[in-house]
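Asker: Pasting the sequence and the predicted model now:
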Amino acid sequence: MKSREIRQSFLDYFAQRDHRVFPSAPLVPHGDATLLFTNAGMVPFKNVFLGAEAAEAPRAASSQKCLRVSGKHNDLENVGPSRRHHTFFEMLGNFSFGDYFKEEAIAFAWELVTGVWQLPKEHLFATVFETDDEAHDLWGRISDLPPERILRCGAKDNFWSMGEVGPCGPCSEIFVDTDPDKPLVDWQEGDASGRYLEIWNLVFMESERREDGSLTPLPNPSIDTGAGLERLASVLQRVGSNYETDLFRPVLEAAATLAGTSYGARFEGAGSAPDTSLRVIADHLRAVTFLLADGVIPGNEGRGYVLRRILRRALRHGLRLGLEEPFLHRLVPVVEETLGGAYDELAATQEATVATVRAEEEKFLGTVASGARQLQEEIEAAREQGLAQLSGAQVFQLYDTHGMPLEVIEEIAEEERFTVDRQGFEEELEQQRKRSRAATGEGQRRLQQLQQVLTGSQEGGGEEVTATAFDGYGCTELDQAKVLRLARLTADQAVAATALSGKEGDATEGAVVLDRTVFYAEGGGQVGDVGELRWDGGRARVTDTRKNNSGVIFHLVTVLEGQLQAGQQVSLHVDSPRRHSVERNHTATHLLHAALREVLGTSVRQAGSLVAPDRLRFDFTYPRPVSDEERRRIEDLVNHWVLEAQPTRIEEQSYQEAVAAGAMALFGEKYGDVVRTVAVPGEGLRSLELCGGCHVANTGAIGPFLITAEQGIASGVRRIEAVTGAGALERVREQGAVLASVEEALGAPAAEIPARVETLRAQLKERDAELAKMRLQLVSGAGAGGGGAEEVAGVAVNLQEVPFAPVPELRNMADSLRSKQGSGVVVLGAAQPGKVMLLAAVSEDLVGRVHAGKVVKAAAQVVGGGGGGRPDFAQAGGKDADKLPEALDAAREEIRQQLEVGD
Ligand code: SER
């Protein structure tokens, strides 16, 4: 069976048994602060298990994209040596939400495995949680397995938890003997060696694990099963490892060909270097491809950092295979082929993925080269100080700022006979982890707490809070809405309240849930609305609007007058000029997106956006800077489209219809069955996007569109900022005003300004040169006049205070005075408020008797500074300008001492 057939037969089997088949949710879980990535098939259903969300169907099945690289489930380190582990994998699963339980779950699994896939019953085992007699009996009855093939195991193997917190329960697993012709071995031995291979896990979800470690029963006992597709494929395709299935073989072979080797050539010596590296490359490439398709951008923190690390780990293994040029991006299409069209997002994002991977590769390879140079310098410097170890902080800096992989650092250090303070490095790393955990966690935690307070069950009952009706498209006022819930916000927490009062001395900051609203909640890049709630005898300012995953909208308010109470009616007034500016910027963002794809090609993919009242920001994948010419064309295309005054068309339709019509969806987003599409027709370009945001009715309302900045924000990702409408007008006026003042200052019309500035620059340069020459003449004139030269211990010493000038000029002065004077010492001091420069030059015949470095050092101490240098020429700095004469005296004394001691 091809893996495509296995996946399909699983989904078909459960569809025929009344399960609703759900498409895979994105790898980035939505609104779950406890989880970085989707790590199991049940993650999209977590809230349903917990009873916080209603199930869309009582039974579900899916093939879910999973990534296990962080937190409780982390297989990163195993990838390579192991022939069974992955970071990215597909999990087949069937789920029951308070519908069927253990008996049917076991019966379904058994029928599918032995009936449909026809694995011989005599090769199978089942395990159950040690105290789960019920499951034990059910296996005996349903499967007819002999008792010695139904094993009881402890919590380590047979109690499954999603993470430190979340749903969990005892589980039951199906194992297959991968070497059935050999005599049976002890269970522990067979399990540890991988001969007895787990292929399916049936979790009987019964509890929720809380932060304090306690277990609370779930409202409905449920079923969550998971079967790794790659393992199943290895069993059904009768190959020795997941990597030999049709899901991996083509990728491994393509990588091996690039490296001039072949996979499995030395398979008998499992774990041999080339195979290990090829497995890492194949596994990590799949993870990278799916992460990029789901909108994760390589970066220095959070998910982007994980993505970058996985990608770099693959590149390091490439280096081990001698792949020193970018190669990974060339394998991206191969990954897509192995998935047989099961994930549309791969084809749709391929071009962008290739570009981003390539950019990351180039950057990494460049980093290794530049990091190696930096490391070399540090080693030389440390060696001069008699050291033979690199400190934890040094290594961490190379690792963190320069992106040097630790193993590369260690390799270079070893060649130089240096050691690396690994423990110190680990400590630095841990510190950084702590810092980033603290930074990302706080905001999320506060919002989650607020959401919990406003949607959780309240004392004394109260209405259940469900998705808030949003009536605010094309409308910013609403006469009546009912206050459902209130919370008071203090500096560090939110507490449920029945009233918020605007009286002085009382806390007036809070959050409100209404039964309906016209306030748009932040989402899809568009900022939340602000405005006012009014009622008889009172009003509250709405300072922001947010929503949770289930569509409940929260109005963050400051009560200004009167008292706001649960149950009362209020009227709603969105700040409409602000909203209209936001609408202009939102529609303009869609036009910009289309124009970018027209001018730069379809490798452009949205990577983030911000739609605010005063500007818009659009991040997109593109491997190089946008040229001035391209930028102008993009701006022109958008402005012409605006001038066409095209009506926007907003519709609701099924996701499938919308995508079939060519709508641009963001793959990292979670869409419902019915989606909202925003279409903008045009004479040249056309735009069709899935979008829940607010838009102008006609492009003409956007007004002028101006790009204000274009820059790179990560490798392969660019950012454009732009303004529209009054914002654009404002900007043009500001620039006009600046220009007018420049015209006035220069006394020339705008058109002549560049030439005028050029002339002024040239004149200035000429004057500077003249000035330097005159200063030098002045200084040497004084010296020649005898005023500056004196005799100290029989040697001519020229101590002079000279006008402050740039350092090269001062050096030049000291130098030319020294040549002019012949045998002797020159000491110059120049001061301006807060800054002193001291220079000393010694003629060749006196080197050995007078040390210039020591002279300036002694003088610099007087003016609160330091410095030094060579015996024949040195410079130093200081701060106390007033003390310059004393500093020169100190120099004289120092010279005298040096000469006398020498004598
Ligand atoms: N959640 C369980 C697992 O990941 C079964 O789907 O193994």
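Answerer: Structure's in. What do you need? Numbering: from 1, shown residues only.

Asker: Quick one: residues contacting Asn78.
Answerer: Under the criterion of Cβ atoms under 8 Å, 6 or more residues apart in numbering, the contact list for Asn78 reads His85. Placement of C-beta: from N, CA and C, glycine included.

Asker: How about the residues of the stretch 451-600 of the chain by the ligand?
Answerer: When proximity is defined by Cβ under 6 Å from any ligand atom, the stretch 451-600 of the chain lies next to the ligand nowhere.

Asker: Below-threshold pLDDT in the stretch 451-600 of the chain: ranges please.
Answerer: In the prediction, the stretch 451-600 of the chain carries residues with pLDDT under 70 at positions 457-464, 503-507.

Asker: Quick check: residues of this structure near the ligand?
Answerer: Taking Cβ under 6 Å from any ligand atom, the part of the chain that reaches the ligand is made up of 40-42, 93, 160, 201, 203, 224-226.

Asker: quick one: which of the residues you listed is nearest Gln64?
Answerer: Here the nearest of the residues of the chain next to the ligand to Gln64, counting by Cβ to Cβ, is Gly41; it sits at 4.1 Å.

Asker: Secondary structure class of the residue in the chain positioned nearest to the ligand, three-state.
Answerer: Closest to the ligand within the chain is Gly226: 2.2 Å, counting by Cβ to the nearest ligand atom. When the structure is reduced to helix, strand and coil (DSSP: H, G, I helix; E, B strand; the rest coil), Gly226 reads as strand.

Asker: Specify the beta-bridge partners of it.
Answerer: For Gly226, the beta-bridge assignment (DSSP bridges) gives partners Asn201.

Asker: Tell me if I'm right that it and Glu198 touch.
Answerer: No: at 10.3 Å, Gly226 and Glu198 do not qualify as touching, with contact defined as Cβ atoms under 8 Å.

Asker: Who has more neighbours out of those two?
Answerer: Just comparing Gly226 and Glu198: by other Cβ atoms under 10 Å the higher neighbour count belongs to Gly226, 21 against 18.

Asker: mind listing what that one touches?
Answerer: If a contact means Cβ under 8 Å, 6+ apart, then Gly226 has 40-42, 91-93, 200-201, 203 as its contacts.

Asker: And Arg578, by the same measure?
Answerer: The neighbourhood of Arg578, defined by Cβ under 8 Å, 6+ apart, consists of 529-530, 613.

Asker: Quick one: classify it as helix, strand or coil.
Answerer: helix.

Asker: Sheet partners, orientation included, of the helix or strand bottoming out on mean pLDDT in the chain?
Answerer: In the chain, the helix or strand scored least confidently by mean pLDDT, DSSP states H and E is strand 866-869, which has a mean of 74. Here the strand partners of strand 866-869, with direction, are listed using DSSP bridges: strand 873-878 (antiparallel).

Asker: Run the chain-centre distance for the partner strand.
Answerer: Taking the mean of its C-alpha atoms, strand 873-878 sits 46 Å from the chain's own mean (Cα atoms, centre = their mean, to the nearest Å).

Asker: what's next to the very next helix or strand once past it, contact-wise?
Answerer: Scanning forward in sequence from strand 873-878 by DSSP states H and E, the next helix or strand is helix 884-902. Outside helix 884-902, the residues that touch it by Cβ under 8 Å, 6+ apart are 792-795, 797, 799-801, 825, 827, 829, 831, 836, 838, 840, 848-851, 854-856, 858-863, 878.
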